[in-house]
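> Below are the sequence and a predicted model; questions follow.
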Amino acid sequence: MAENLTLARPYADAAFSLAKAGNALGPWSAALDRMAAVVTDPQMQGCIGNPRLTASQIFGFFTDVVGKLTAEQKNFVQVLIDNDRLGVLPEIRELFVELKNGFEGIKDAEIESAFPIDNATLAQLTADLETRYRCKIKSTITINPDLIGGVRIAIGDQVIDASVRGKLAVMASALKN
């Protein structure tokens, strides 16, 4: 994974530069989402690794499946194919999103909850996080019944553990000492 990130970084930087210069961060992000989804499909992986297919055949098949792409995006795909880097598109997409979020002042928040969170509560929680971190927060929710109750929030390398399981772990640790 670390090697793939190393391989993907210059391509993500290039895609970000092209998107920023063309004032098209959103369209590039959407296109990279589609490309990453297509390249992870087992059938597409079989085509990419097939030595009988030429680069132009892979390009044609890949772009047909991905759908609408701009000329710059097609050129980007061609460069990836020519350099045998099509397989690192998921990492390129991940790095691109990090660059885009940093440019737009957005941080990702991974919120784990023991129970489903309604929209009003999520909106209030997101607003509180935006106030605390002084930036825009993009929240992703996952349900984790192991938390027993409460939430666990990860933003970057910071974790706010307000779950019952977390409080029980702290209490157990204090009792052992």
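Yes, it's here. For clarity, every value in this text was computed on a predicted model and none was experimentally measured.
> how far away is the nearest residue to residue 88 once chain neighbours are set aside from residue 47?
Once flanking residues are discounted, residue 88 sits nearest to residue 8: 4.4 Å by Cβ to Cβ, 6 or more residues apart in numbering. C-beta: built from backbone N, CA, C; applies to glycine. As defined by Cβ to Cβ, to the nearest Å, residue 8 lies at a distance of 20 Å from residue 47.
> of those two, who's got more company?
Ranked by neighbour count (other Cβ atoms under 10 Å), residue 8 and residue 47 place residue 8 first, with 23 against 17.
> and the lowest-mean-pLDDT helix or strand in the chain, C-alpha only, in CSV?
Scoring the helices and strands of the chain by mean pLDDT, DSSP states H and E places helix 164-176 at the bottom, with a mean of 86. Taking C-alpha atoms only, helix 164-176 is exported to CSV below (Å, rounded to 0.1, in the frame of the first residue of the first chain):
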residue,chain,number,x,y,z
VAL,A,164,-19.5,3.7,26.3
ARG,A,165,-16.9,1.1,25.3
GLY,A,166,-14.1,3.7,25.4
LYS,A,167,-15.2,4.9,28.9
LEU,A,168,-15.3,1.3,30.1
ALA,A,169,-11.8,0.7,28.8
VAL,A,170,-10.5,3.8,30.6
MET,A,171,-12.3,2.6,33.8
ALA,A,172,-10.8,-0.9,33.5
SER,A,173,-7.3,0.6,33.0
ALA,A,174,-7.7,2.8,36.1
LEU,A,175,-8.8,-0.2,38.2
LYS,A,176,-5.8,-2.2,37.1
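> Break the protein into its domains for me.
2-102, 105-176 (automatic domain parsing).
> most neighbours per residue, which of these?
Mean neighbour count (mean count of other Cβ atoms under 10 Å) peaks for domain 2-102 among the domains of the chain, with a mean of 16.
> hang on, isn't residue 40 packed against residue 91?
No: counting by Cβ atoms under 8 Å, residue 40 does not reach residue 91; the two are 11.2 Å apart.
> Wait, residue 47 touches residue 61, no?
Yes: here residue 47 reaches residue 61: they are 6.0 Å apart, a contact under Cβ under 8 Å.
> where do the contact lists of those two overlap?
Common contacts of residue 47 and residue 61, defined by Cβ atoms under 8 Å, 6 or more residues apart in numbering, comprise residue 53.
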